[in-house]
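# Pasting the sequence and the predicted model now:
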Amino acid sequence: DIQMTQSPSSLSASVGDRVTITCRASRTIRSYLNWYQQKPGKAPKLLIYAASSLQSGVPSRFSGSGSGPDFTLTISSLQPEDFATYYCQQSYSTPLTFGGGTKVEIK
Amino acid sequence: EVQLLESGGGLVQPGGSLRLSCAASGFTFSSYTMSWVRQAPGQGLEWVSAISGSGGSTYCADSVKGRFTISRDNSKNTLYLQMNSLRVEDTAVYYCAKDPYGDSYFDSWGQGTLVTVSS
C-alpha cells in the first residue's frame, strides 16, 4: 500500500496569510494526487485533482504542485471560509489512500 | 445538480450486519465508478470499496475484504454496501462518492451515514 504523509498535522494562520501544506507519498505516484477540504460535520470537497488541476468552482487562491513523491497545496491568501481540514489522496493504485489531514486554524 | 443520499446507518452489535444505500440523481449513474469512503469519529478518511459503472469490476480495502460487498443497481440509480461481521473498528460515517473520470478521485460526495458498532 502507498502511505501518504501530510505535514504539518495542524497550523495556525491569520486571514491573508499564505499557507502551504505538504504531502509525501511512500513511493512515486507520478501526478496522481488530489486535495480535499473538509469542514466539521460536512463531506469532503474536491479542490485539486491530478496534482495541479483546479476543480471547477474552486477559488483560484488554491493551487497544487508537485509530482513523484512530493506535493504541495498552497492557499495564496487565507480567507475566513478556508479554516478547515485538508487531505491529500493518491489515485495511483488501489487501495486508494489518504493523508492524515492538516487542520488549519485561526491564529 | 448531482445529489448523493446515503441511508441505512445505525447501531449494530459486533458480528452483526447492515446494508447501506446511496441514492444518486442528477447524472447518468451507470456511467460512473462509485466508491464508499469512511471516517471514524475524529479520524481521517479511509477508502473502503469501489465499483465500476457496469458493476463488473469491484475493489476493496484489505480491512473489509471478505466482510463487505459493494454492488449497484443501475436501474434504480442506487449504490449499496453490504457489511457483514461488523467490528467495533468499523464504526464511522460512511460516504458514497462519485469518480468523475474513472481516475479514482471524487468530485461529489453524499452527506454520509453513521454506522455505530457497539454492544
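Okay, I see it.

# for the residue most central in space within chain B, what are its contacts?
Taking Cα atoms, centre = their mean, the centroid of chain B lies closest to residue B:36, which sits 2.9 Å from it. Neighbouring residues of residue B:36 by Cβ atoms under 8 Å, 6 or more residues apart in numbering or on different chains: B:20, B:22, B:47-50, B:70, B:79, B:81, B:94-97. C-beta coordinates here come from the backbone N, C-alpha and C atoms, glycine included.

# restrict these to contacts with chain A.
Applying Cβ under 8 Å from any Cβ of the partner chain to the contacts of residue B:36, one finds that B:47, B:50, B:95 fall near chain A.

# In TSV, list these along with secondary structure, distance to residue A:96 and pLDDT.
Output for those, formatted as TSV (DSSP: H, G, I helix; E, B strand; the rest coil; distance: Cβ to Cβ, whole Å; pLDDT from 0 to 100):
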residue	secondary structure	distance to residue A:96	pLDDT
B:47	strand	4	98
B:50	strand	8	97
B:95	strand	13	98
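
# For residue B:30, grab phi and psi.
Reported as degrees, to the nearest 10, the phi and psi values for residue B:30 are phi -70, psi -10.

# Near chain A, which residues of chain B are found?
B:35, B:37, B:44-47, B:50, B:59-62, B:95, B:103-107, B:109-112.

# Can you tell me which of the residues you listed are buried?
Among those, those classed as buried by 16 or more other Cβ atoms under 10 Å in any protein chain shown are B:35, B:37, B:45-47, B:50, B:59-61, B:95, B:104-107, B:109-110, B:112.
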